[in-house]
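# predicted model and sequence follow; I will ask about them next.
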Amino acid sequence: MSGLIICLMVATVVACAPRTPSTSGRLVASVRAEPKTFNRLISSDPAGNIVAFLMHATLVRLNRVTGELEPRLARSWSVAPDGVTYTLNLRDGVRFSDGAPFTADDVAFTFRAVYDKRAASPLESSFEIDGRPLRAEVVDPHTIRLIFPAPYGPGLSILDSLPILPRHRLAAALDAGTFADAWNVKTPPSAIASLGPFALAEYTPGQRLRFVRNPNFWLPGLPRLAEVELQIVPELNAEMLRLESGQLDVPYDFARAEDLSTLRKAPAVRLVDAGVDIAPNTLWFDLAPGAPHAKNRPWLQRDELRKAISYAVDRQAMADTVDLGAAVPIFGPVTPGHGAWYSPDLPRTDRDPAKAKSLLASIGLTDRNGDGVLEDSRGAPARFSIAVQKGNSIRERSAAMLQDQLRSLGLQIDIVAEDVGQLAADWKSGNYDAIYHGVKTDAFDPARNLDFWMSNGSYHLWNPEQTAPATVWETRIDELMRRQSTTLDPVERRRLFREVQLVFAEHLPCVYFVAPRATIAVSARLAGATPSVLHPSVLWNVEHLFISPPQ
């Protein structure tokens, strides 16, 4: 990962040179959809993640540029000789935005909430080591002891994604079994206590969220901004116009390839190249046993179909056409941007139409009547739909290219464009054939992304939150990832993860095509930023951002 980090640091120096801080600025950023809740432990939706960076604080933080673990609410820590017991010393004098003191009881409460089955937190699977929870013990008001159930390769970096919530505000809801409904989007902002740099001041559904400086924020002199506004902008073209005109400082995502030439000429915009994206778009099918859409089309869940699609697609053409050359072909979820975790010598499915047709024929999909369209054993056309985010031109154009290239095999593809909220709802309910979308990540280390790799994970895209692995190969990946995450030897961890990728490549539950270069566009008036390829690329250290006074 060192090469990527150096690239990021160089880009940061060029694009985000220090300026004299202002303490009264207002920053405007965007999100694609409404937050589902203000309780980060209940939902992992993208807007909620951004809200968490503004409102909440963690015990430690992984610096998105240097990769170093930084103290946050915990000012220092130590690990016992057993390698699994960590003692964290908390900062003195820290208070929530409502004035209540922060203590070790809040940390213990947060862990209790994560593991409460009634709360059904999507974070729970990410906070299990070898399938077992961590244990949090209060030593005194300013000391917390964390006992890991087994050695854990990433160590305390697991805490980077756990916001500490106020016991005094939420304990009653947890005890009553109503924690999942606490701090919903109808909760008055005054009822929400924050440890982060900002506090929620106003939420206007469909339009914006407004945050103001937390007067009790525990880092002296921070945040530098007085206010942050999150505008809800589902449509990328509208977001682009706001950025160009100076109405927006930080877009939600990386810049689209087709916008780069225009953005380079925009005086209100600055561009930063952060390297190769580590969260590329992917195609997946609903592989849950008994999925209704596969009842009369069992071939939708066959490995051979996904492999045939992978062999059929011209990845370089996709990179050149959709991403205008600003992308690299990939064959799995781990991209060159992952640094040491990337294995360039894994099996590839380079374009081979003959191989693709042979795979389709092996599952009974052949052109039985000579009309150029494949039929299944019942004589029904081999047809399925791909759901894609409406207004996301990269995903829409990629899906259209898949439709065109798969037509040459005799597969009929219907593209269904949906707003991101409906897309998420269809995925959660299993109301889809296939989806072409992407999932953001905030860590390079695969052990920090167990919610994707493990069968019980909330982002195990093709069949999430399984009570037991549905397939032998998922059982194998679960076993390997448990070993990988509980091994301290970095060489062995990389070897085990390579084996995980080999199993993944054999079954291809998600089909990957290209990874774009991550170009970050920000307002030229924004200063103090250290952009990263990890999400959120700019707002991860929002307390240091400020608006540069006019020159």
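The structure has been received and is ready for your questions. Please read all numbers here as calculations on a predicted model, not as lab measurements.

# if I pick the closest residue to S245 other than its chain neighbours, what's in contact with it?
Distance criterion Cβ to Cβ, 6 or more residues apart in numbering; nearest residue to S245, sequence neighbours excluded, is A268 at 6.9 Å. Using the backbone N, CA and C atoms, a C-beta is placed for each residue, glycine as well. A268 is in contact with L243, E244, S245, G246, S523, A524, R525, counting by Cβ atoms under 8 Å, 6 or more residues apart in numbering.

# okay, these in JSON lines with distance to L162 and secondary structure next?
Converted to JSON lines, the contacts of A268 look like this (distance: Cβ to Cβ, whole Å; DSSP: H, G, I helix; E, B strand; the rest coil):
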{"residue": "L243", "distance to L162": "32", "secondary structure": "helix"}
{"residue": "E244", "distance to L162": "37", "secondary structure": "helix"}
{"residue": "S245", "distance to L162": "38", "secondary structure": "coil"}
{"residue": "G246", "distance to L162": "36", "secondary structure": "coil"}
{"residue": "S523", "distance to L162": "31", "secondary structure": "strand"}
{"residue": "A524", "distance to L162": "35", "secondary structure": "coil"}
{"residue": "R525", "distance to L162": "33", "secondary structure": "coil"}
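
# any idea which of the residues you listed is closest to G364?
Using Cβ to Cβ, L243 comes nearest to G364 of the contacts of A268, at 49.6 Å.

# contact partners for the closest one?
P251, L263, A266, A268, V269, A521, S523.

# with L300 instead?
L300 is in contact with F285, D286, A291, H293, A294, F384, D433, A434, counting by Cβ under 8 Å, 6+ apart.

# what about the strands in the stretch 51-200 of the chain?
60-62, 69-71, 74-79, 85-90, 128-129, 132-133, 135-140, 143-147, 198-204 (DSSP state E, counting those that start in this stretch).

# hmm, I typed the wrong one, I wanted the stretch 201-350 of the chain.
Assigned by DSSP E, counting those that start in this stretch, the strands in the stretch 201-350 of the chain fall at 208-213, 225-232, 269-276, 282-285, 327-329.

# the last one pairs with which strands?
Spelled out, that is strand 327-329. If you go by DSSP bridges, strand 327-329 pairs up with strand 514-523 (antiparallel).

# same check on the fourth one?
Strand 282-285 has its sheet partners listed here by DSSP bridges as strand 434-437 (antiparallel), strand 510-512 (antiparallel).

# for the strands of the stretch 51-200 of the chain, which one sits closest to W540?
Among those, strand 60-62 comes nearest to W540, with 8.2 Å by Cβ to Cβ.

# what does that closest one rub up against?
Outside strand 60-62, the residues touching it (Cβ under 8 Å, 6+ apart) are 68-72, 74, 77, 156-157, 159-160, 442-443.

# circling back to that earlier point, so can I have a markdown table of the strands of the stretch 201-350 of the chain showing mean neighbour count and mean pLDDT?
Output for the strands of the stretch 201-350 of the chain, formatted as a markdown table (neighbours: other Cβ atoms under 10 Å; pLDDT from 0 to 100):
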| stretch | mean neighbour count | mean pLDDT |
| --- | --- | --- |
| strand 208-213 | 21 | 98 |
| strand 225-232 | 20 | 97 |
| strand 269-276 | 21 | 92 |
| strand 282-285 | 22 | 98 |
| strand 327-329 | 20 | 96 |
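
# in JSON lines: those strands, plus distance to P188.
Conversion of those to JSON lines gives the following (distance: least, Cβ to Cβ, whole Å):
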{"stretch": "strand 208-213", "distance to P188": "14"}
{"stretch": "strand 225-232", "distance to P188": "18"}
{"stretch": "strand 269-276", "distance to P188": "37"}
{"stretch": "strand 282-285", "distance to P188": "39"}
{"stretch": "strand 327-329", "distance to P188": "45"}
